[in-house]
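>>> predicted structure and sequence below. I'll ask about it afterward.
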2 protein chains.
Amino acid sequence: MRLSKRGEYGLRAMIMLATPSADGRPSVLQIREISQHEQIPGKFLEQILLSLKNAGLLHSKMGVGGGYHLAKPPNEISLGQIVRILDGPLAPVKCVSQMAYEPCGCPDEETCGLRLVMGDVRNAIANLLDGTSLADVTLRVHSLPE
Amino acid sequence: MRLSKRGEYGLRAMIMLATPSADGRPSVLQIREISQHEQIPGKFLEQILLSLKNAGLLHSKMGVGGGYHLAKPPNEISLGQIVRILDGPLAPVKCVSQMAYEPCGCPDEETCGLRLVMGDVRNAIANLLDGTSLADVTLRVHSLPE
DNA sequence: TGAAAGTCTACTTGTATTATAGACTTTCTT
DNA sequence: AAGAAAGTCTATAATACAAGTAGACTTTCA
């Protein structure tokens, strides 16, 4: 049931990009800044951000003074979207996946006990991850008891 | 977020062993019966059942007329136990694992947004899987609307 | 024009998953 | 006692995937 490093790094980067800067304006950050702050290998992070960009979650600017910023406000980007882009379907087994269904080879899917339970697990994960936006995360961190 | 084949096969086998036989007595099944019914490579299943046995969830009998049966009543074996034995910790990232904690390298774990959310995910999965026994599964399948 | 940034693709390397093989032990039946 | 039927155990192979590295390319700005 693991999240890959790819997914983990991507989430960290997106959360960092969603964190409001001191002046309250949306953050624009360079790969290097993120990779240093979050201890992520630079070239690896590069690929990850590129995927996120190509999926429409990030915008970027090339050249001097360039960098990455969120393509949408943080409350419109869910963690579920990010994880699906980087790690694929949330479902533990393909036969309960909404986005990548595949039969699992059991005699009868309708009466497959494993499928019933794994469906619940998928839903629990999806509800949580799709129901949590980047804004939710930064807010929660910011309002943490000390 | 995937369940390995090992985990999947193990769960299928355990559910099959938990399903009451026609006479209502606890099922004793041979590797071959399970592997044929569930379409699992025999030698692979053998290893899986052995792990489950060594972990105390199964008993076995060698020789002619031998086979496997549950070591405890189905309501005392949770899916969480099975998955942990075969696939390791349920937590998506190690820094929120109860059974295999490891620091994740973020500057401060207490204020790590990712950790907070993944903690929720871990709990959701654990609550579901630890809260569902083999008996729950077979019961649910048996009382399925047609 | 050149340095600073992102873009893109290919490659490498390591490790985990998914098996397969085969020799061994126990148990039952005859 | 023999032999077949079952599980036990360990090693190994084959594959896939994750994680990371490399390098040539493009865009932008001063």
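It's in. Numbering: from 1, shown residues only, chains lettered A, B, ... in the order given.
>>> other residues contacting stretch A:60-67?
Stretch A:60-67 is contacted by residues A:28-31, A:33, A:49, A:53, A:68-69 when judged by CB atoms under 8 Å, 6 or more residues apart in numbering or on different chains. From N, CA and C alone the C-beta is placed, and that goes for glycine too.
>>> give me the most central residue, chain A.
The structure's chain A has its C-alpha centroid closest to A:Ile82; by CA atoms, centre = their mean the separation is 2.5 Å.
>>> correct me if wrong: it contacts A:Ser51.
No: under the criterion of CB atoms under 8 Å, A:Ile82 makes no contact with A:Ser51, lying 9.9 Å away.
>>> what distance do you get for the residue lying farthest from the centre of chain A to A:Gly113?
With distances taken as CA atoms, centre = their mean, the residue sitting farthest from the centre of chain A turns out to be A:Pro107, at 34.7 Å. A:Pro107 sits 12 Å away from A:Gly113, taking CB to CB, to the nearest Å as the criterion.
>>> please apply the same query to A:Ile34.
Remark: distance between A:Ile34 and A:Gly113 (CB to CB) = 44 Å.
>>> same deal with A:Ser133?
34 Å.
>>> give me every residue in chain A lying close to DNA strand C.
Taking CB under 7 Å from any atom of the strand as the criterion, chain A approaches DNA strand C at residues A:30-32, A:43, A:46-47, A:49-50, A:53-54, A:60-68.
>>> can you flag the buried ones in the residues you listed?
Buried residues within the residues of chain A next to DNA strand C, defined by neighbour count using 16 or more other CB atoms under 10 Å in any protein chain shown: A:31, A:49, A:60, A:67-68.
>>> would A:Leu139 count as being in a helix?
Yes: under the criterion used here (DSSP: H, G, I helix; E, B strand; the rest coil), A:Leu139 sits inside a helix.
>>> do you know the pLDDT at it?
According to the prediction, A:Leu139 has pLDDT 96.
>>> same thing with the one 4 residues further on?
In the prediction, the pLDDT value recorded for A:Ser143 is 88.
>>> what is the burial count for it?
Applying the criterion other CB atoms under 10 Å in any protein chain shown, we find 7 residues in the vicinity of A:Ser143.
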